[in-house]
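Engineer: how would this look folded up:
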Amino acid sequence: MSAFPLRPFLAADTMALRDLFAQSIEELTQDDYNDEQRLAWAATAADADAFRERLAGMTTLVVHADGEYAGFAALKGNDTFEMLYVHPYFTGQGIGSALADAVERLAQGRGAKEITVEASDTAEPFFEARGYVATQRNMLPRDDQWLTNTTMKKRLGAANDA
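Structural biologist: This next block holds a predicted model:
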């Protein structure tokens, strides 16, 4: 059981999660992406209505800690780990793991035998430590920038539950 209470995304969360998204990208990915790449990535949430619709169109889970938004994650369909973002102030406290555990349990509960994620270069070691295996490198256009990530997969089932 997670030490952090998880709850479903609400439309009222949009602006706070948009800020968390941008802060996470800006502060946590500096070693892997340059300034222009981070700005282009964060700009994908510039349209608040589109960001709200994106989050509402998936099963998005939100975590609060100490009265603040601490992180969020989303499952797209039954087998795609679409988003995982933790506020920089809350990294290293188990929030990302709690969210990942919940998303994986949801996928498995919906009948998925495998879950896929397109992990940023920053997040790849996190997912690798959780048993995900890299299957392909990707280059994604964002504005006039190219961002790299890695498609990773993990088999779901009793043998993977640690």
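
Engineer: Show me where this protein has its strands.
Structural biologist: Along the chain, counting by DSSP state E, strands occupy 6-8, 59-65, 68-76, 80-86, 114-120, 133-142, 145-155.

Engineer: Give me the distance between residue 71 and residue 17.
Structural biologist: 9 Å (CB to CB, to the nearest Å). From N, CA and C alone the C-beta is placed, and that goes for glycine too.

Engineer: Over to residue 26?
Structural biologist: Taken as CB to CB, the span from residue 26 to residue 17 is 15 Å.

Engineer: between these two, who's got more neighbours?
Structural biologist: residue 17 (24 against 16; other CB atoms under 10 Å).

Engineer: Name the nearest residue to that one, ignoring sequence neighbours.
Structural biologist: Take residue 17 and drop its neighbours on the chain: the residue closest to it by CB to CB, 6 or more residues apart in numbering is residue 72, 5.5 Å away.

Engineer: same thing with residue 52?
Structural biologist: Nearest to residue 52 is residue 14, by CB to CB, 6+ apart, at 4.2 Å.

Engineer: residues touching that neighbour, list them.
Structural biologist: By CB atoms under 8 Å, 6 or more residues apart in numbering, the contact set of residue 14 is 48, 51-52, 55.

Engineer: Just the ones of those residues in helices?
Structural biologist: If you go by DSSP state H, the contacts of residue 14 have 48, 51-52, 55 in helices.

Engineer: Could you report the pLDDT at the closest residue to residue 156 other than its chain neighbours?
Structural biologist: Spatial nearest neighbour of residue 156, chain neighbours left out: residue 108 (4.4 Å); criterion: CB to CB, 6+ apart. The model reports residue 108 with a pLDDT of 97.

Engineer: Number the residues from 742 up from this point.
Structural biologist: In the new count, where the first residue is 742, that last one comes out as residue 849.

Engineer: isn't residue 849 right next to residue 896, touching?
Structural biologist: No. Using CB atoms under 8 Å, residue 849 is not in contact with residue 896; the gap is 10.1 Å.

Engineer: Neighbour count for those two, which is higher?
Structural biologist: More neighbours surround residue 849 than the other of residue 849 and residue 896, with 19 against 13 (other CB under 10 Å).

Engineer: That's all I had, so thanks and see you.
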